[in-house]
Every structure is written in C-alpha cells, then in structure tokens.
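K.L.:
Okay, predicted coordinates and the sequence, questions at the end:
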Amino acid sequence: MAKTRVYSNGYFYNLSYEIINPKCEKTILILHGWGANKELMKQAFEKSLNGFKQIYLDLPGFGNSSIDAPMDSYAYAKVVEDFLTAIEQKADYLMGHSFGGKVATIMCQNANFQGLILLSSAGVVLPKSFKVKFKIALFKILKNLPYGDFWRKFFISKDAQGMNEVMYETFKKVVNENLENEFQKLKNPILIFWGNEDKATPLKSGAIIHSLAQKGIFFALDGDHFFFLKHADFINEKIHEEFLKND
C-alpha cells in the first residue's frame, strides 16, 4: 500500500492506493463503490486481471483516504484525474463498481480511454415507489417536531448510517445524481456487467445504461450487488475478447 498527497478542488487529499503488476503494458484503474474500499476490489480482481497493471484507489472518505469537505461525483472524478497525474500513471481502461462506476463515467467525458467497464453502476435515478415517497414525507414532518433527531435513525438509508457529517453531506449530494446524459455521450467501448438479483442498483438500471451507451455490451450474471466477487474470471475474459482482440 502507498499514499500520496493530492491537491484538487481547492483541498489536499491524502490518498491510499496500490499498484499490482507494475511491469504489465496495459493499465486498468479500478474504483470501488459506496461504503467499500480498494481491498474489496483487489480481493475480486487481483488474480483474474493478472495480464494488466492494476491501480486500486481508496476514494476520498473511504478506506485510508481523507476528505475534508462534501463532494459530488464530479469532484470525485477530478480528484482521481489529479491522482493519476500525481503518481505519473496513465490508465488505458477504467473499471467502476456502483458509485465508482459513476466516477469512471464522468472521467470518460474528460479524457480518452480505450474502454470502460461498469459493474452495477450507479447513475440512473429510477422513480421512487409509493412506500419510499411516504417514508420521505413522514420523515420531513417528524424531523421538525421535538426530538426530531431521534427519528433520523429509523429513516436514514443504510448507505448513510454511521457516517460523519462530511460524508453524510457527500452522500446527499451524490445519491440522486442522474448521469443519463453522460452515459449517452460516451464514445468509449463499454462493457456493462450486472447482478440479476441486485437490489441496490436494479437490473433495470443496467438495461437503461445499455440503451443509452453508443458502444455498450450488456451481461446479466447471477448474484446481487457484489456479483463480481464470483464472476471476476468471466469479466476478465470479456475484457480480453472485446478490448484486446486486435492487440
């Protein structure tokens, strides 16, 4: 594990990262999802992607990387871009799970990459069910009553529980970001992988991204939001088939 200090968005970030197989010709940057860290992604892909130089990063506020002010996904993308510059690395491919998929998608708007791999990516905002809308409306009433903070623990999203104030404000910024325009503008070849039983980012979200992407190929696989933990070899196989077939 290594650390570097990066100045971006008007703040300094102490970022924790690791590079695997540094002598490989092709480089893939792998970004974790909300609430996770680089170790989960390394656990999934270190052995399967052994033909690549792999860069694993703890995004600001996760793992061993610092954060001092709330951020949206676009600020995260800028930090990661500045991180690559700071460590003098260029990524040929981007892979992102869930929230990391949003960050990777935004990065592809700003620079040319040879391919993008999305794993149950966030970025599509589906209509809320009546149950969720009712819960939100009820909380808005209760939070203004005496002991309003008491009710927060019953209504707050599981993804937001246990966060400090900066990360909670960050969560509120990123949770409802709609990246459909960004998915539609992507010119990169894209591989989209999804878990059939994913409840965090439903399969429908993957189908929407596939319909928007200009050069997307969609794979629905067995499993939940973390389906990739048991399908890393298949994902590696498809990366080679679709991205490296002419190399």
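P.N.:
Looks like it came in fine. Numbering: from 1, shown residues only.

K.L.:
name the element the residue nearest in space to the middle of the chain belongs to?
P.N.:
Geometric centre of the chain, nearest residue: residue 100, 1.1 Å, by Cα atoms, centre = their mean. According to DSSP states H and E, residue 100 maps onto helix 99-110.

K.L.:
which residues does residue 70 contact?
P.N.:
By Cβ atoms under 8 Å, 6 or more residues apart in numbering, residue 70 lies in contact with 166, 169-170, 172-173. Glycine gets a C-beta too; all of them are placed from N, C-alpha and C.

K.L.:
pLDDT at the nearest residue to it once chain neighbours are set aside, what is it?
P.N.:
With sequence-adjacent residues excluded and distances taken as Cβ to Cβ, 6 or more residues apart in numbering, residue 70 is closest to residue 169, at 3.8 Å. pLDDT recorded at residue 169 is 92.

K.L.:
what helices or strands is whichever helix or strand residue 169 is part of leaning on?
P.N.:
Using DSSP H and E, residue 169 sits within helix 165-174. Helices and strands touching helix 165-174, by 3 or more Cβ pairs under 8 Å, 6 or more residues apart in numbering; DSSP states H and E, are helix 73-86.

K.L.:
do that again at 10 Å, thanks
P.N.:
Counting contacts by 3 or more Cβ pairs under 10 Å, 6 or more residues apart in numbering; DSSP states H and E, helix 165-174 is packed against helix 73-86, helix 99-110.

K.L.:
quick check: angle from the longest one to helix 99-110?
P.N.:
Yep, that's helix 73-86 we're talking about. Interaxial angle of helix 73-86 relative to helix 99-110 (axes from the mean of the first three to the mean of the last three Cα atoms, to 10 degrees): 70 degrees.

K.L.:
quick one: low-confidence ranges for this structure?
P.N.:
Within the chain, the segments meeting pLDDT under 70 span 126-162, 246-247.

K.L.:
Tell me if I'm right that residue 166 and residue 172 touch.
P.N.:
No: contact criterion Cβ atoms under 10 Å: residue 166 and residue 172 do not qualify, at 11.1 Å.
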